[in-house]
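Colleague: no sequence for this one, just the structure:
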Ligand code: SAM
Ligand code: SF4
């Protein structure tokens with residue numbers, strides 16, 4: 001069967017207007033080793049760990065650094081200033097950062113790197129003080145005061161201009177737009193509320209204005225960002241909720257997505273809106289964490305598994321071709337074999353297209369960390385087996401679902417240009433990742449038939465007609 005899925009044919013193509021470049025206008029001299037001429041240019045390297053919120057925060061800091069006249073480099077040894085923008089959600093994320101800090105201490109001793117800044121979620125945690133001493137870090141910033149980087153790099157008055165209200169991401173064709181920061185939930189395992197604080201929502205008009213400006217300067221794909229975007233409420237008291245904001249943004253931008261959502265806040269009308277609006281990508285990321293009601297209660301998630309299932313039914317009915325992803329934690333203290341079986345059952349029932357599966361990681365200061373040494377703690381070997389079982393179940397479902405796409409003709413948004421294997425990476429309107437043989441530029445569209453599929457990606461044939 002051949003069908004075009006949610007083709008965005010009513011949308012007038014928006015001409016790609018080149019945005020003001022973020023790179024400095026003067027190109028620095030580069031020595032044969034690749035290091036820009038230190039006499040004329042200061043250099044900075046930003047490394048990001050973690051979620052899209054962190055990518056977005058890094059983009060904000062990148063703007064400040066470029067505004068201050070630094071040139072961005074990719075290798076630590078070429079950088080005067082290194083910014084590590086970090087994640088604290090799981091212990092292995094902290095271990096990775098420690099590895100980088102160790103290398104940076106060595107480069108500092110050798111005089112190759114001058115300053116190191118540690119920012120983001122680790123910066124907001126107590127542990128940063130110990131890291132500061134151990135690795136002689138020059139600047140520590142949390143997630144609320146990233147604007148203080150401005151002072152550090154010699155930009156005057158940045159508190160005025162680099163507030164959380166300001167956009168940061170301005171890629172060539174995609175942009176993240178933060179609609180809220182922080183989180184009002186208190187999930188047993190999670191450090192986010194303590195490192196990012198309580199929820200603060202941006203006024204609707206500010207968000208819409210920012211989206212309009214981005215689209216006017218060439219952005220073709222807007223992602224609305226927040227820890228629980230669907231909990232968004234207009235702080236100006238208009239009574240508008242996330243449903244209203246998404247509807248407004250979908251009128252302004254040619255392609256829209258949002259992440260992350262919380263099942264307790266997700267309204268059925270929002271799920272239906274995804275199917276109704278041509279500009280909203282038909283993919284939903286709705287973290288469930290567990291299929292066991294007992295564990296959902298212990299995690300303080302605020303919903304039962306059947307309520308989650310009902311939301312998924314609404315989504316599948318509203319967006320039949322859409323893609324669904326989730327987050328699942330295995331091995332939370334107290335999780336029994338029966339709880340794990342419930343999770344596997346839920347995975348089967350919801351038939352996820354993909355999932356981020358995590359082994360529980362005790363985070364200092366969280367309720368669940370206090371239980372990590374209790375009799376209910378799940379041994380590492382058991383957690384590893386459960387992890388693999390959930391992952392396998394998700395992949396089997398995803399593979400079957402992806403196979404059903406073979407033969408369909410899809411309009412594909414190009415996210416990354418053709419690489420070494422001759423294929424660009426794109427996304428269908430249903431949110432499937434696709435590899436497609438085209439020279440079309442990021443931000444453009446091609447139409448192609450899906451020829452084969454793996455568990456994670458679809459493979460399309462030669463595009464039909466020119467890119468648009
Ligand atoms: N706000 C989102 C939500 O509630 O769905 C998730 C934010 S969190 C940064 C991303 C994911 O990391 C969570 O959904 C959870 O699955 C996982 N996670 C958070 N804390 C964790 C921990 N201590 N151990 C293992 N996984 C964790
Ligand atoms: Fe963490 Fe729960 Fe908030 Fe998500 S909803 S950020 S998991 S506390």
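Modeller: Cool, got the structure. The structure presented is a predicted model; accordingly, all values stated were derived computationally and were not measured. Numbering: from 1, shown residues only. Ligands and ions are numbered 1, 2, ... in the order given.
Colleague: give me the helix or strand of this protein that scores worst on average pLDDT.
Modeller: helix 158-161 (a mean of 40; mean pLDDT, DSSP states H and E).
Colleague: distance from the chain centre to the next helix or strand after it, please.
Modeller: Helices and strands here follow DSSP states H and E; after helix 158-161, the next one along the chain is strand 174-178. How far strand 174-178 lies from its chain's middle: 10 Å, per Cα atoms, centre = their mean, to the nearest Å.
Colleague: for the record, mean pLDDT for the next helix or strand after strand 174-178?
Modeller: As assigned by DSSP H and E, the chain's next helix or strand after strand 174-178 is strand 180-181. In this model, strand 180-181 has a mean pLDDT of 89.
Colleague: remind me what strand 180-181 packs against, helices and strands.
Modeller: strand 200-201 (3 or more Cβ pairs under 8 Å, 6 or more residues apart in numbering; DSSP states H and E). To be clear about C-beta, it is placed using only N, CA and C from the backbone, and glycine gets the same treatment.
Colleague: which residues sit against the strand it packs on?
Modeller: Contact with strand 200-201 is made by 164, 179, 180, 181, 182, 232, 233, 234, 235, as judged by Cβ atoms under 8 Å, 6 or more residues apart in numbering.
Colleague: and the residues you listed, which of them are buried?
Modeller: 179, 180, 181, 182, 232, 233, 234 (16 or more other Cβ atoms under 10 Å).
Colleague: farthest-apart pair in the residues you listed, please.
Modeller: Put simply, by Cβ to Cβ the two of the buried ones among the contacts of strand 200-201 set farthest apart are 182 and 234, 16.3 Å from each other.
Colleague: name the helices or strands packed onto the helix ranked longest in the chain?
Modeller: Identified as the longest helix of the chain according to DSSP state H is helix 380-403. Packed against helix 380-403 by the contact rule (3+ Cβ pairs under 8 Å, 6+ apart) you find strand 323-330, helix 337-350, strand 354-359, strand 445-453.
Colleague: now the nearest residue to residue 205 once chain neighbours are set aside: how far from ligand 2?
Modeller: Excluding its sequence neighbours, the residue lying closest to residue 205 (Cβ to Cβ, 6 or more residues apart in numbering) is residue 236, at 7.7 Å. Distance, residue 236 to ligand 2, by Cβ to the nearest ligand atom, to the nearest Å: 24 Å.
Colleague: ditto for residue 353
Modeller: 21 Å.
Colleague: what about that residue, how many neighbours?
Modeller: By other Cβ atoms under 10 Å, 23 other residues sit near residue 353.
Colleague: which element is residue 434 on?
Modeller: Applying DSSP H and E, one finds residue 434 within strand 433-436.
Colleague: given that strand, what are its sheet partners and their directions?
Modeller: strand 424-428 (antiparallel), strand 458-460 (parallel) (DSSP bridges).
Colleague: list the buried residues for it?
Modeller: Those would be 433, 434, 435, 436, for strand 433-436 by 16+ other Cβ under 10 Å.
Colleague: one more: stretch 195-204?
Modeller: Going by neighbour count (16+ other Cβ under 10 Å), the buried part of stretch 195-204 is 195, 196, 197, 199, 201, 202, 203, 204.
Colleague: now do the end-to-end distance for that stretch.
Modeller: 25 Å (Cα to Cα, to the nearest Å).
Colleague: does it reach ligand 1?
Modeller: No. Interface with ligand 1: stretch 195-204 contributes nothing (Cβ under 6 Å from any ligand atom), its closest point being 9.1 Å away.
Colleague: and for stretch 220-236?
Modeller: Yes. Shown here: stretch 220-236 in contact with ligand 1 (Cβ under 6 Å from any ligand atom) through 227, 228.
Colleague: pull out the buried residues from that stretch.
Modeller: Buried residues in stretch 220-236 (16+ other Cβ under 10 Å): 220-234.
Colleague: among those residues, give me the pair with the biggest separation.
Modeller: That would be 220 and 233, which, of these, are the farthest apart (Cβ to Cβ) at 28.3 Å.
Colleague: residue numbers of the stretch 101-250 of the chain in contact with ligand 1?
Modeller: Counting by Cβ under 6 Å from any ligand atom, the stretch 101-250 of the chain sits next to ligand 1 at 189, 190, 192, 227, 228.
Colleague: can you check the pLDDT for the third one?
Modeller: Going back to what we said before, that points to residue 192. The model reports residue 192 with a pLDDT of 89.
Colleague: that one: what's it in contact with?
Modeller: If you count contacts by Cβ under 8 Å, 6+ apart, then residue 192 has 89, 121, 182, 183, 227 around it.
Colleague: same deal with residue 183?
Modeller: Counted by Cβ under 8 Å, 6+ apart, residue 183 has contacts 190, 192, 193, 196, 198, 199, 227, 228.
Colleague: isn't the last one up against residue 185?
Modeller: Put plainly, it is residue 228. Yes. Counting by Cβ atoms under 8 Å, residue 185 is a contact partner of residue 228 at 6.8 Å.
Colleague: residues that sit against both of these two, list them.
Modeller: residue 262.
Colleague: quick one: which of the contacts of strand 200-201 is nearest ligand 2?
Modeller: Nearest to ligand 2, judged by Cβ to the nearest ligand atom, of these is residue 182 at 8.5 Å.
Colleague: excluding its backbone neighbours, what's nearest the residue in the stretch 351-468 of the chain positioned nearest to ligand 2?
Modeller: Using Cβ to the nearest ligand atom, the single residue of the stretch 351-468 of the chain nearest to ligand 2 is residue 366, 9.0 Å away. Take residue 366 and drop its neighbours on the chain: the residue closest to it by Cβ to Cβ, 6+ apart is residue 189, 5.7 Å away.
Colleague: ligand 2 contacts on the stretch 201-350 of the chain?
Modeller: 227, 228, 262.
Colleague: show me what contacts the spatially closest residue to residue 460 that is not a sequence neighbour?
Modeller: Nearest residue to residue 460, sequence neighbours excluded (Cβ to Cβ, 6+ apart): residue 448, at 3.7 Å. By Cβ under 8 Å, 6+ apart, the residues touching residue 448 are 409, 410, 412, 434, 436, 438, 460, 461, 462, 463, 464.
Colleague: tell me which helix or strand whichever residue of the stretch 301-450 of the chain sits closest to ligand 2 sits in.
Modeller: Across the stretch 301-450 of the chain, the shortest distance to ligand 2 (Cβ to the nearest ligand atom) belongs to residue 301, at 7.3 Å. Residue 301 is part of no helix or strand, with elements assigned from DSSP H and E.
Colleague: who does the residue lying closest to it once chain neighbours are set aside bridge with?
Modeller: In space, and not counting its chain neighbours, residue 301 is closest to residue 289: 5.9 Å by Cβ to Cβ, 6+ apart. Under DSSP bridges, the beta-bridge partners of residue 289 are residue 328.
Colleague: residue 138: how many residues sit nearby?
Modeller: The burial count for residue 138: 14, using other Cβ under 10 Å.
Colleague: how close does it get to ligand 1?
Modeller: For residue 138 relative to ligand 1 (Cβ to the nearest ligand atom), the value is 27 Å.
Colleague: same thing with residue 293?
Modeller: Counting by Cβ to the nearest ligand atom - residue 293 and ligand 1 are separated by 17 Å.
Colleague: these two touch, right, that residue and residue 302?
Modeller: No. Using Cβ under 8 Å, residue 293 is not in contact with residue 302, being 11.8 Å away.
Colleague: no more questions from me, cheers.
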